[in-house]
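*Asks:* Structure, please.
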Amino acid sequence: MNILFFLTPKANCTYLHEDDTLRQAMERMESSGFSALPILKKDGVYCGTLTEGDLLWALKNLCVMDMKQTEAHTVMEIHHSWDNEPVSVSTNIEDLVMKATDQNFVPVVDDRRAFIGLVTRRAIMRYCLKNFFVPVRKVAAG
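*Replies:* Below is the predicted model of the structure:
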């Protein structure tokens, strides 16, 4: 099976750019409902992950007291506790699942390391539920 089957394309993803401010990051997280977002360079290359925890620690460590102050700092200025490791489009499904056990999303990059989308743990679990567990329930019920 090809991992592109699970891919949420870049056009449908919420992400940040490396020069986005902390305020922009907080607003994008709030509006999307996601607790972690991929960070891209201007040329589209994946360069890291920003989490809610990273933002909270940054606000504390930078002594930010109001939203105006968050506009003075970019997402790449702060410490990232965890950068989701990307996979290439040619990665096999077993390696994708292994990454998804430790990450809530897996960034997918092309040969130039340009971000083309992501695979969520949810997409993998829904596929497994539909294809492996539902047929078993039907047999057991019948």
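
*Asks:* Surely K130 is within a strand?
*Replies:* No. Applying DSSP: H, G, I helix; E, B strand; the rest coil, one finds K130 to be helix, outside a strand.

*Asks:* Read off the pLDDT value for it.
*Replies:* On the pLDDT scale, K130 is placed at 84.

*Asks:* One more: V139?
*Replies:* Predicted confidence (pLDDT) for V139: 52.

*Asks:* Can you show me the strands along the chain?
*Replies:* Along the chain, counting by DSSP state E, strands occupy 8-9, 16-17, 36-40, 46-51, 87-88, 105-109, 115-120.

*Asks:* correct me, but Y46 touches P107?
*Replies:* Yes. Here Y46 reaches P107: they are 5.0 Å apart, a contact under CB atoms under 8 Å. The C-beta positions use only the backbone N, C-alpha and C, and glycine is treated the same way.

*Asks:* returning to that earlier point: deepest-packed of the strands of the chain, please.
*Replies:* The highest mean neighbour count among those, using mean count of other CB atoms under 10 Å, belongs to strand 105-109: a mean of 24.

*Asks:* which intervals of the protein have sub-threshold pLDDT?
*Replies:* Applying pLDDT under 70 to the chain flags the ranges 134-142.

*Asks:* in it, which spans are helices?
*Replies:* Using DSSP state H, the helices found in the chain span residues 22-32, 52-61, 67-70, 93-102, 121-128, 134-141.

*Asks:* Which neighbouring elements make contact with the fifth one?
*Replies:* Taking 3 or more CB pairs under 8 Å, 6 or more residues apart in numbering; DSSP states H and E as the contact definition, the neighbouring helices and strands of helix 121-128 are helix 93-102.

*Asks:* May I see the buried residues of the helix it packs on?
*Replies:* Judged by neighbour count (16 or more other CB atoms under 10 Å), helix 93-102 contains these buried residues: L96, V97, K99, A100.

*Asks:* Chain neighbours aside, what residue packs nearest to the last one?
*Replies:* Spelled out, it's A100. Once flanking residues are discounted, A100 sits nearest to R121: 4.6 Å by CB to CB, 6 or more residues apart in numbering.

*Asks:* I'd say that neighbour and Q103 touch.
*Replies:* Yes. Under the contact definition of CB under 8 Å, R121 touches Q103, with a separation of 7.3 Å.
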